[in-house]
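**Student:** Sequence isn't available, so here's the structure alone:
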């Protein structure tokens, strides 16, 4: 067994066809993804936010999700189920245009270049990637790229390790693995180790 970084949609397809053992960090979506079961104990508590170009919303604007975003183009990561029911309804009615991108970096660049108006994802993931891009000179805020403002908190989510439910017995050790993983997660949360890791990334 090995741990491998893969595009999100590919990771989901591995679980769906039973060739992949587990994926991190899907949200708990049993109806949308019946091929994922069981889930581990929650690992991270995540704030889902919309980060927007400063020119879209002036500072101190009263922003309501998703109504304040009608008429805008919103970016999300490809394959993500995010934003809530009202957002999904607004997209289906054509009130909001949805555009998928392959990961944080691509969506942040599209945002900075004005190709999308806002980007929705986990707050920590966005801010960590944006900081790294600035350090590498890939994002020049106020110069080549627009200034960005952290918008409203859309929802609170939790990230899990999700396991394939379609392996047909291929991963016979799964139940034992899940029990051991849950024990480790529980103890790390209890000792505050997971929060310390999160805090180190948020600096």
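**Tutor:** Arrived safely, thanks for sending. The structure presented is a predicted model; accordingly, all values stated were derived computationally and were not measured.

**Student:** Does the nearest residue to residue 70 once chain neighbours are set aside belong to a helix, a strand or coil?
**Tutor:** Distances taken as C-beta to C-beta, 6 or more residues apart in numbering place residue 95 nearest to residue 70, at 4.6 Å, with adjacent residues excluded. (Each C-beta comes from the backbone N, C-alpha and C, glycine too.) The three-state assignment at residue 95 reads coil, by DSSP: H, G, I helix; E, B strand; the rest coil.

**Student:** just checking, residue 95 touches residue 72?
**Tutor:** No. Using C-beta atoms under 8 Å, residue 95 is not in contact with residue 72; the gap is 9.3 Å.

**Student:** And the lengthiest helix in the chain, what's buried?
**Tutor:** Secondary structure of the chain per DSSP state H: the longest helix is helix 174-190. By neighbour count on 16 or more other C-beta atoms under 10 Å, the buried set for helix 174-190 is 174, 177, 178, 181, 185, 188, 189.

**Student:** Pipe those into JSON lines and attach pLDDT and distance to residue 50 per row.
**Tutor:** As requested, those are exported to JSON lines (pLDDT from 0 to 100; distance: C-beta to C-beta, whole Å):
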{"residue": "174", "pLDDT": "96", "distance to residue 50": "36"}
{"residue": "177", "pLDDT": "97", "distance to residue 50": "36"}
{"residue": "178", "pLDDT": "97", "distance to residue 50": "34"}
{"residue": "181", "pLDDT": "97", "distance to residue 50": "32"}
{"residue": "185", "pLDDT": "96", "distance to residue 50": "29"}
{"residue": "188", "pLDDT": "95", "distance to residue 50": "30"}
{"residue": "189", "pLDDT": "91", "distance to residue 50": "28"}
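
**Student:** now, which of those residues sits nearest residue 54?
**Tutor:** Closest to residue 54 out of these is residue 189 (36.5 Å), distances taken as C-beta to C-beta.

**Student:** Now do the contacts for the closest one.
**Tutor:** Residues near residue 189 by C-beta atoms under 8 Å, 6 or more residues apart in numbering: 41, 195.
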